[in-house]
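Engineer: with the input below, show me the fold.
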Amino acid sequence: MKKNLLFTSILLLPALISHAQWQPDIRLTNDPGLSATTAYSNARCIASSGDTVHVVWSDNRTGGNYEIFYKRSTDGGLSWGADTRISNNVYFSSNPSISISGSIVIIVWDDDRDGSGNKEIYYNRSSDAGTTWGTDTRLTNDPAISQNPCVSVSGLLVIITWNDNRGSSPGGYYIRSTDGGMNWGTETLLGGTWNLSVSASGPIVHVVWTDGRGLHPGVYYKRSSDGGLTWGEDIPLTINDVAYSDSPSLSVSGSDVHVAFRDNRNNTGTSYEIFHKYSADGGITWNPDSQLTNFGVTIYNPSVSVSGSGVHVVWTDNHEGNFEIYYNRSQDGGQSWETVTRLTNNASVSFYPFITASKSGVHVIWQENRDGNNEIYYKRNPTNGEVGLKELNSSGFQFSVFPNPARNEIKVRSLENINELGITDIHGKEIYQSKIANPRQEISIPTTGFPVGIYFIKAKKGNSISVQKFVKR
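Structural biologist: Next up is the predicted model:
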């Protein structure tokens, strides 16, 4: 019976992936104050790891000033805990960003509590996945305006970037911690201009920003291979002498680096489209741009998140008459894209979306005033485009496929003796089948003729079957 169910799951898998559904909106805040996600930077107000989803926003429920609030879900967004107030002062706290690694959660924001009229960068940390929090800590201390921070945590490495107009070198600054946010280095000029977005994977740190050095603003990138100690050169990702490119959002998974941004190269005036660009070798080389929209309207606030071979982008636009949240997805690491999906549908203005993807699914938050007051809303797709993979693998024996993504060949390795292999594409079409006369523990399959995309390998050992996914590039 288990075997029959397994075969049924294999047959249904592509259909389930193709028809994965977004669930109804959930209102996360409910108070008389105004609740807002980040308005002026491409920092992230949502982060996820496994089944835990973390959300941060600014809120003036306590009076005339805004404070930073946080809440989390430990069941993949099905239910949510109580709001937690992170900052507590009589001044204006805004533009929060959140990042997680294991049980370490870091929240950063800008704050003018010190009475000089200028904003400084503050942070707070939790070492128990958001259950308890420490005290606010001031990271910057200068007479200039420090604002719009973005944070990334990778292991014990924490990198924070922000905009700063101090001295004769205004632009992007950063600060780092190598012990999970317990102690911090010095504030250092990074370069760039505004809209900084940072993401780290191991010791490799990636930063993108909007830069005004050319004829028109453009998107630039730089990387550090030693945890932020030293940095490479600035690399222009867009040609900023022919069009305006801005609002870059960055997400990294291993050596895959993904950037979503808006650009008016195909339009005039304030009409922008969403573009995507990626690197498969840790930012050393970059693939050509992909245009995700073609609506001829003003588009705002792209946000990107990558999980495995899935790349997810949200933004705001009014091409259907009202400002709504829209979404697009690539299931093959950014090589191809599906059709645009509208996530919201009501008469109010939906703005400032942010997205995160993990094994628990795809999670989006935004701000909206459908109930007569600006509140934070949340929506989830529980599949993340990987329906059934965990169940299929757990019901059979274990094997690995490499390299993944593959180019010219894919290798299958197992401690068991495999006697049959089959490969299907994402639509369920079988494109490879082989019975193996002499069972082996490592088998090579040429993939040169496979089109770019997602595939599923079905390995058989006697009556046991297991399935793995791989990407062809």
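Engineer: direction included, what does the helix or strand hosting I106 pair against?
Structural biologist: Per DSSP states H and E, I106 falls inside strand 104-111. If you go by DSSP bridges, strand 104-111 pairs up with strand 93-101 (antiparallel), strand 120-126 (antiparallel).
Engineer: so how far is that strand off the chain centroid?
Structural biologist: 17 Å (Cα atoms, centre = their mean, to the nearest Å).
Engineer: likewise stretch 361-376?
Structural biologist: The answer for stretch 361-376 is 18 Å, by Cα atoms, centre = their mean.
Engineer: now it: average pLDDT?
Structural biologist: Across stretch 361-376, pLDDT averages out at 93.
Engineer: would you mark the buried spots in that stretch?
Structural biologist: G361, V362, H363, V364, I365, W366, Q367, E368, R370, N374, E375, I376 (16 or more other Cβ atoms under 10 Å). Any C-beta I mention is one placed from the backbone N, CA and C, and that applies to glycine too.
Engineer: over to stretch 248-260?
Structural biologist: P248, S249, L250, S251, V252, S253, D256, V257, H258, V259, A260.
Engineer: so which pair among these is furthest apart in space?
Structural biologist: Of all pairs drawn from the buried residues of stretch 248-260, the greatest distance, 17.1 Å, lies between P248 and S253 (Cβ to Cβ).
Engineer: would you list every one of the helices in the chain?
Structural biologist: 2-18, 389-394 (DSSP state H).
Engineer: show me where the stretch 101-250 of the chain has its strands.
Structural biologist: Under the criterion DSSP state E, counting those that start in this stretch, the stretch 101-250 of the chain carries strands at the ranges 104-111, 120-126, 137-138, 146-154, 157-164, 171-177, 188-191, 194-201, 204-211, 218-224, 235-236, 245-253.
Engineer: quick one: closest of these to R407.
Structural biologist: It is, among those and with distance given as Cβ to Cβ, strand 245-253, at 18.1 Å.
Engineer: that closest one - what's its average pLDDT?
Structural biologist: 94.
Engineer: check the residue lying closest to W22 once chain neighbours are set aside and give its pLDDT.
Structural biologist: Closest residue to W22 apart from its sequence neighbours, by Cβ to Cβ, 6 or more residues apart in numbering: N381 at 4.9 Å. Per-residue confidence at N381 stands at 94 (pLDDT).
Engineer: quick one, what contacts N381?
Structural biologist: By Cβ atoms under 8 Å, 6 or more residues apart in numbering, the contact set of N381 is A20, Q21, W22, Q23, G361, V362.
Engineer: ok, V306 next?
Structural biologist: Contacts of V306 (Cβ under 8 Å, 6+ apart): S251, V252, S253, D256, H258, H312, A357.
Engineer: of all those, which comes closest to M182?
Structural biologist: For the contacts of V306, the nearest to M182 is V252 (23.8 Å; Cβ to Cβ).
Engineer: which residues of the stretch 251-400 of the chain score low on pLDDT?
Structural biologist: 268-269, 384-396 (pLDDT under 70).
Engineer: distance check, N89 against W109.
Structural biologist: 11 Å (Cβ to Cβ, to the nearest Å).
Engineer: same deal with R473?
Structural biologist: Relative to W109, and taking Cβ to Cβ, R473 is found at 39 Å.
Engineer: so between the two, which is more surrounded?
Structural biologist: Comparing R473 with W109 by other Cβ atoms under 10 Å, the one with more neighbours is W109, at 30 against 18.
Engineer: from N30, how far off is G185?
Structural biologist: In terms of Cβ to Cβ, G185 sits 40 Å off from N30.
Engineer: mind giving me the domain split of this structure?
Structural biologist: 2-13+395-472, 22-381 (automatic domain parsing).
Engineer: check the offset of the first one from the chain's centre.
Structural biologist: Translated: domain 2-13+395-472. On Cα atoms, centre = their mean, the centre of domain 2-13+395-472 falls 29 Å from that of its chain.
Engineer: same thing with stretch 366-385?
Structural biologist: Counting by Cα atoms, centre = their mean, stretch 366-385 comes out at 17 Å from the chain centroid.
Engineer: swap in stretch 336-354?
Structural biologist: Using Cα atoms, centre = their mean, the offset of stretch 336-354 from its chain centre is 16 Å.
Engineer: buried sites along it?
Structural biologist: W337, V340, L343, T344, V349, S350, F351, Y352, P353, F354.
Engineer: redo those as a markdown table? Include distance to T62.
Structural biologist: As requested, these are arranged in a markdown table below (distance: Cβ to Cβ, whole Å):
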| residue | distance to T62 |
| --- | --- |
| W337 | 43 |
| V340 | 38 |
| L343 | 30 |
| T344 | 28 |
| V349 | 24 |
| S350 | 25 |
| F351 | 23 |
| Y352 | 21 |
| P353 | 25 |
| F354 | 23 |
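Engineer: name the nearest of those relative to I454.
Structural biologist: W337 (13.1 Å).
Engineer: returning to that earlier point: what two of the buried residues of stretch 361-376 are the furthest from one another?
Structural biologist: G361 and N374 (25.7 Å).
Engineer: ok, the nearest residue to Q147 once chain neighbours are set aside - contacts?
Structural biologist: Residue nearest to Q147 in three dimensions, not counting chain neighbours: D110, with 4.2 Å by Cβ to Cβ, 6+ apart. The contact partners of D110, by Cβ under 8 Å, 6+ apart, come to S93, S94, N95, K119, E120, I121, Y122, S146, Q147, N148, P149, W162.
Engineer: ok, I106 - contacts?
Structural biologist: I98, S99, I100, Y123, N124, R125, V151, V153, V158, G181.
Engineer: bridged to the closest residue to Q23 other than its chain neighbours, which residues?
Structural biologist: Spatially, and ignoring its direct neighbours in sequence, Q23 is nearest to R380 (5.4 Å; Cβ to Cβ, 6+ apart). Counting by DSSP bridges, R380 is bridged to H363.
Engineer: tell me how far R380 lies from G449.
Structural biologist: R380 is 38 Å from G449, by Cβ to Cβ.
Engineer: bridged to Y327, which residues?
Structural biologist: V314, T341.
Engineer: the closest residue in space to D241 that isn't next to it in sequence: how many residues sit nearby?
Structural biologist: Closest residue to D241 apart from its sequence neighbours, by Cβ to Cβ, 6+ apart: L215 at 4.4 Å. Other residues within reach of L215, judged by other Cβ under 10 Å, total 12.
Engineer: thanks a lot, catch you later.
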